[in-house]
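Asks: Any chance you can model this:
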Amino acid sequence: MTFANPTAAPRRAAVTFIFITVVLDMLAFGIVIPVLPKLVEQFFNGDTVHAARFYGLFGATWALMQFFFSPLQGTLSDRFGRRPVILLSCFGLGADYLFMALAPTVGWLLLGRIISGITSASFSTAGAYIADVTAPEKRARAFGLLGAAFGVGFILGPALGGVLGSVNPRLPFWIAGGFALLNACYGLFVLPESLPPEKRAKRFDWTRANPVGSLRLLRSHPELLSLAGVNLLFQFAHFVLPSTFVLYAGYRYHWDAKVMGLTFALIGACSIVVQAVLVKPAVARLGERGALLAGLVFCIVGYAGFGLATNGVLLMLAVPIFAVSGLVRPGLQALMTRRVASNEQGQLQGANNSLMGLAGIFAPALFTQTFAGFITPGFSIHLPGAPFLLAAALTGLALLLAWRAAQPEEPEPLPVTPA
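Replies: Purely as a prediction, here's the structure:
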């Protein structure tokens, strides 16, 4: 089977392919979120304390795998094309979920989670695919659609996982594996290659494929390094939500699981609206730099609203404000992709995902320990919202850095560089 040249094929169709790919990947990822902790707890015979301590390894090792393997997949896609890397990752992810469904011990389940962190690193290649098939001035809008795909999977996945997990805690793993393999089969037949041979790296270079080598790319341009700093601070702060939100809302507002689920659904729905509807007019009116700065401002206000809300109603009012932070990633990604060559887009996305993995290793511990410290009986300051105020402060640093780094004049994309 042959495919049309992606430069001549309808670019909207190519973006749609990646959109569906990411939705299915995120659906498979999110579907196990509600049941994985319970499955770990079963292996410890219902001992929640030991299960909670061991479960921390699952998040840390997953992030560590993202840190190491995102640049590897991104660099492989620069050399061999995006399509084979995406497909191999999707097939591997599907097989891994089936492996976890059959895991006989918690050790085997942890091994499966490690493999999941490796195979799901294809998100970096999906970002490079978007950069390949869209013109520089339209990338912010395309990255916004990619963010909306994440939101769709984030909403549907946990909800479906909760329903299926009530039947059998291993059932979501079977379904997730099926979704991932279906996604791989879909891409096998309809996903075209986006990076033609003449634009690929001439050879595979291990110095670019490891995290340290990949991050060197971020030093190739002063503004690129500063924008990477913005990304790191933004991603680090964002981990306050998965690490402390449930504990915080349960402690301060006494919310049950149903209200928690509805709140996460509201956050996801607002995020989808911003990514799919607001990004295009915001970038058209403000430019990529303006959209980035505006998103960071709304993010700061949203975090502060979460941390200072004295009741659940006020927190809910902060959700749509926080959702406008969805302008950050499209604007930031578009600015960064303008500063590297076509055969470095995969390496760039891999470096960005490595930064996210690095944040994922350290941020959850910082935010949970901050939360625990400020609610400890006898501590001089009782401030349950302290983790969110800390996230607001970190995002404020990102805003200052972005103001200096993202110049109003946006450079043209660089030519292909020698491998």
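Asks: where are the low-confidence patches of the stretch 1-150 of the chain?
Replies: For the stretch 1-150 of the chain, the stretches with pLDDT under 70 are 1-15, 28-29, 33-34, 37, 47-53, 55-56, 120-124.
Asks: what residues does the helix or strand in which Asn231 is found touch?
Replies: Element membership of Asn231, judged by DSSP states H and E, is helix 222-238. Helix 222-238 is contacted by residues 215, 217-219, 292, 296, 299, 303, 328, 332, 335-336, 339-340, 351-352, 355-356, 358-360, 362-363, 390-392, 394-395, 397-398, 401-402, 404-407 when judged by CB atoms under 8 Å, 6 or more residues apart in numbering. The C-beta positions use only the backbone N, C-alpha and C, and glycine is treated the same way.
Asks: Pro104: neighbouring residues, count only.
Replies: 8 (other CB atoms under 10 Å).
Asks: Phi, psi for it please.
Replies: Its backbone dihedrals place Pro104 at phi -90, psi -20, with angles given as degrees, to the nearest 10.
Asks: and it, how far is that from Ser226?
Replies: For Pro104, the distance to Ser226 equals 49 Å [CB to CB, to the nearest Å].
Asks: cool, Trp108 as well?
Replies: Going from Trp108 to Ser226 by CB to CB gives 43 Å.
Asks: can you check Ala284 too?
Replies: 25 Å.
Asks: who's more crowded, those two?
Replies: In this comparison of Ala284 against Ser226, neighbours counted by other CB under 10 Å, the higher total goes to Ser226 at 16 against 12.
Asks: And the more buried one, how far from Gln333?
Replies: Taking CB to CB as the measure, Ser226 falls 15 Å from Gln333.
Asks: what's the answer for Tyr186, then?
Replies: Here the distance between Tyr186 and Gln333 works out to 24 Å (CB to CB).
Asks: Between the two, which is the more surrounded one?
Replies: Taking neighbours as other CB under 10 Å, Tyr186 and Gln333 compare with Gln333 leading, 27 against 16.
Asks: so that one sits right up against Arg139, yeah?
Replies: Yes. Here Gln333 reaches Arg139: they are 6.8 Å apart, a contact under CB atoms under 8 Å.
Asks: Gly92 contacts Thr119, doesn't it?
Replies: Yes. The pair formed by Gly92 and Thr119 meets the contact definition of CB under 8 Å, at 4.0 Å.
Asks: who's more crowded, the two?
Replies: Relative neighbour count places Thr119 above the other of Gly92 and Thr119, with 23 against 17, counting by other CB under 10 Å.
Asks: Distance from whichever strand or helix holds Met336 to the middle of the chain?
Replies: Element membership of Met336 [criterion: DSSP H and E] is helix 328-337. Between the centre of helix 328-337 and the centre of its host chain there is 14 Å, according to CA atoms, centre = their mean, to the nearest Å.
Asks: Kindly calculate the angle that that helix makes with helix 222-238.
Replies: Put simply, helix 328-337 runs at 160 degrees to helix 222-238, going by axes from the mean of the first three to the mean of the last three CA atoms, to 10 degrees.
Asks: Let me see the mean pLDDT of helix 328-337.
Replies: Model confidence over helix 328-337, given as mean pLDDT, is 85.
Asks: just use 2 as the starting number from now, easier for me
Replies: Sounds good: first residue 2 from here, last item helix 329-338.
Asks: buried sites along stretch 389-406?
Replies: Going by neighbour count (16 or more other CB atoms under 10 Å), the buried part of stretch 389-406 is 389-393, 395-400, 402-403, 406.
Asks: Of those residues, which is the nearest to Phe180?
Replies: Looking at the buried residues of stretch 389-406 and their distance to Phe180, the nearest is Ala392, at 31.5 Å (CB to CB).
Asks: what's in contact with the helix or strand containing that closest one?
Replies: Assigned by DSSP H and E, Ala392 falls within helix 387-406. Where contact means CB under 8 Å, 6+ apart, the residues beyond helix 387-406 that reach it are 224, 227-228, 230-231, 234-235, 237-239, 241, 244-245, 249, 290, 293-294, 297-298, 300-301, 304-305, 307-309, 333, 367-369, 371-372, 374-375, 384.
Asks: what pLDDT does the residue lying closest to Leu234 once chain neighbours are set aside get?
Replies: Leaving aside its chain neighbours, Leu234 sits nearest to Ala399 (3.8 Å; criterion: CB to CB, 6 or more residues apart in numbering). With respect to pLDDT, Ala399 has a value of 95.
Asks: now swap in the one 3 residues further on and tell me
Replies: Reading off the per-residue confidence, Leu402 sits at a pLDDT of 92.
Asks: go on, the one 10 residues further on?
Replies: With respect to pLDDT, Pro412 scores 50.
Asks: again with Pro388
Replies: For Pro388, the pLDDT comes out at 92.
Asks: Can you give me the distance of the nearest residue to it once chain neighbours are set aside to Ala360?
Replies: The shortest distance from Pro388 to any residue other than its chain neighbours is 4.3 Å, reached at Phe368 (CB to CB, 6+ apart). With distances defined as CB to CB, the gap from Phe368 to Ala360 amounts to 11 Å.
Asks: helices or strands up against the biggest helix by length in the chain?
Replies: Longest helix of the chain, by residue count under DSSP state H: helix 49-81. Applying 3 or more CB pairs under 8 Å, 6 or more residues apart in numbering; DSSP states H and E, one finds that helix 49-81 makes contact with helix 37-44, helix 83-102, helix 107-120, helix 124-134, helix 207-210, helix 212-217, helix 346-375.
Asks: who's more crowded, Phe368 and Ala360?
Replies: Looking at Phe368 and Ala360 with other CB under 10 Å, you find the greater number of neighbours at Phe368, namely 26 against 23.
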